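Undergrad: model this:
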Amino acid sequence: MKTKRLLSREYAVQMMYHVSVGDASSDEVLHFFWLSHGEDEKFVKDFAEDLFHKAYRNMNYNDELVRKYLKKGWSYDRLGEVEKAVFRVALAELFEGDAPVYAILDDYVSIASSYMDEKSASLVNGILDKIKSEFDIDRDRVQRD
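TA: Sure, this is the predicted structure:
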């Protein structure tokens with residue numbers, strides 16, 4: 001069974017994916033997402049929306065950051081939209097969240113693994129870990145749902 005935080009993170013990635021592949025506004029994405037998912041758990045909905053808003057607001061910055069950490073010869077355009085969505089939400093939470101870093105990384109790699117192949121999940125893990133290290137992001141607070 002997924003924790004509330006993992007479910008919220010997965011929902012936020014799905015919302016971000018809809019932004020990537022469609023031409024809907026962030027408000028429209030939220031509206032249609034909840035219509036189709038019908039999530040009524042307040043914590044899950046609030047946390048997912050908070051992550052989505054942070055990711056949406058910082059999308060261009062986080063995209064540039066990922067570009068910087070791709071291996072030489074790789075272009076950002078080569079990444080799939082799911083990978084981009086995972087990076088956008090994960091980085092928003094790494095920079096603005098309050099959960100322990102290990103929990104954030106573990107959940108987003110898990111999300112990546114469930115939607116992509118192991119190579120892509122490994123790429124997500126490697127880039128997130130490099131960014132965490134370079135920006136010295138180290139929170140070890142206890143996560144509570």
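
Undergrad: Flag every buried residue along the strand or helix carrying residue 44.
TA: Element membership of residue 44 [criterion: DSSP states H and E] is helix 42-57. Neighbour-count burial for helix 42-57 flags 44, 45, 47, 48, 49, 50, 51, 52, 54, 55, 56 (criterion: 16 or more other CB atoms under 10 Å). All C-beta spots, glycine's among them, are computed from the backbone N, C-alpha and C.

Undergrad: Out of those residues, flag the one nearest to residue 85.
TA: Proximity of the buried residues of helix 42-57 to residue 85 (CB to CB) peaks at residue 55, which lies at 8.1 Å.

Undergrad: Distance to residue 88 and pLDDT added to the buried residues of helix 42-57, as a markdown table?
TA: What follows is the buried residues of helix 42-57, written out as a markdown table (distance: CB to CB, whole Å; pLDDT from 0 to 100):
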| residue | distance to residue 88 | pLDDT |
| --- | --- | --- |
| 44 | 19 | 96 |
| 45 | 19 | 96 |
| 47 | 16 | 97 |
| 48 | 14 | 97 |
| 49 | 15 | 97 |
| 50 | 14 | 98 |
| 51 | 10 | 98 |
| 52 | 9 | 98 |
| 54 | 9 | 98 |
| 55 | 4 | 98 |
| 56 | 8 | 97 |
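
Undergrad: quick one: which two of those residues are the most distant?
TA: Going by CB to CB, the pair spanning those furthest: 44 and 56, at 18.2 Å.

Undergrad: one step back: C-terminal to the helix holding residue 44, what's the next element?
TA: Next along from helix 42-57, by DSSP H and E: helix 59-69.

Undergrad: what's that next one in contact with?
TA: By CB atoms under 8 Å, 6 or more residues apart in numbering, the surrounding residues in contact with helix 59-69 are 19, 55, 76, 79, 84, 87, 88, 91, 92, 127, 130, 131.

Undergrad: quick one, what contacts the first one?
TA: Shown here is residue 19, whose contacts under the criterion CB under 8 Å, 6+ apart are 26, 29, 56, 59, 85.
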